[in-house]
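>>> I need the structure of the sequence given here:
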Amino acid sequence: MEGWDPNTKSTLTRIPLLTTKAGPRDVAAWTQRLKEEYKSLIAYTQMNKSNDNDWFRISASNPEGTRWTGKCWYVHNLLKYEFDLQFDIPITYPATAPELELPEIDGKTQKMYRGGKICLTVHFKPLWAKNCPRFGIAHALCLGLAPWLAAEIPILVDSGAIKHKDDAATSAES
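Predicted coordinates for the structure are as follows:
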């Protein structure tokens, strides 16, 4: 964590680390891993709410806990930009990080792959590999999606690539 800003370091140290090294194929151990994932996500969500920094909602959308969906948002120039968030847990999880998808902005930035998968290769994937299996979904959101949104959304808004929902509604009415 050398070279990290104090706020990121503080946040990361308060997200519980996971201990169970299990993926979706490890049926019994996967249940334990999912419990740890939820515990970590709940702690991260509560921390964000207490710091008035609530920026996502997510939950497993299938009984196996391998498909996750929800919403994430970013405030820019006092306007809230909200996006669908989805991802699948890879079969090689936790050795492989999930590929976080924002399908609504697919093709609007070069830092995204087909299907709206955000690019985390250069900065996040080595960090994930170094911390496997201790990192989980909450860590991917904190260290992958949050910085990506902070870097990309202002550029996309300022360039006109994405519009606020109120602006889009006004344009549609004209």
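>>> In contact with P154, which residues are there?
H76 (CB atoms under 8 Å, 6 or more residues apart in numbering). The C-beta positions use only the backbone N, C-alpha and C, and glycine is treated the same way.
>>> From G115, how far off is it?
Distance of P154 to G115, given as CB to CB, to the nearest Å: 23 Å.
>>> just E101 next, same as before
Using CB to CB, E101 is found at 6 Å from G115.
>>> Which one's more surrounded, those two?
E101 (22 against 12; other CB atoms under 10 Å).
>>> what does the lengthiest helix in the chain contact?
Ranked by number of residues, the top helix in the chain under DSSP state H is helix 27-50. Applying CB under 8 Å, 6+ apart, the contact partners of helix 27-50 are 11, 14-24, 26, 54-56, 58, 60, 65, 94, 136-139, 141-142.
>>> repeat for stretch 114-121
For stretch 114-121, the external contacting residues (CB under 8 Å, 6+ apart) are 97, 99-106, 111-113, 144-145, 148, 152.
>>> same question, stretch 94-105
By CB under 8 Å, 6+ apart, stretch 94-105 touches 18, 21-23, 33, 68, 72, 83-90, 112-113, 115-118, 120, 124-125, 128-129, 132-133, 135-137, 140-141, 144-145, 148, 156, 161-162.
>>> how close does the residue most central in space within the chain get to P126?
Nearest to the geometric centre of the chain sits L141, at 3.0 Å (CA atoms, centre = their mean). Distance, L141 to P126, using CB to CB: 18 Å.
>>> thinking again about what came up before, so which two of the contacts of stretch 114-121 are the farthest from each other?
A97 and E104 (21.5 Å; CB to CB).
>>> The two: who's more crowded?
The residue with more neighbours, out of A97 and E104, is A97; 27 against 13, by other CB under 10 Å.
>>> if I've got this straight, that one is in a helix?
No: secondary structure assignment (DSSP: H, G, I helix; E, B strand; the rest coil) places A97 in coil, not in a helix.
>>> can you map out the helices along the protein?
6-14, 27-50, 124-130, 137-140, 146-158, 165-173.
>>> packing partners for the shortest one?
Judged by 3 or more CB pairs under 8 Å, 6 or more residues apart in numbering; DSSP states H and E, helix 137-140 is in contact with helix 27-50, helix 124-130.
>>> What mean pLDDT does the first one get?
Translated: helix 27-50. Across helix 27-50, pLDDT averages out at 96.
>>> Going by neighbour count, list what's buried in that helix.
Neighbour counts over helix 27-50 (16 or more other CB atoms under 10 Å) mark 30, 33-34, 36-38, 40-41, 44-45, 47-48 as buried.
>>> Adding distance to D5, write these out as CSV.
Below are those laid out as CSV (distance: CB to CB, whole Å):
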residue, distance to D5
W30, 34
R33, 30
L34, 31
E36, 27
E37, 26
Y38, 28
S40, 21
L41, 23
Y44, 18
T45, 21
M47, 16
N48, 17
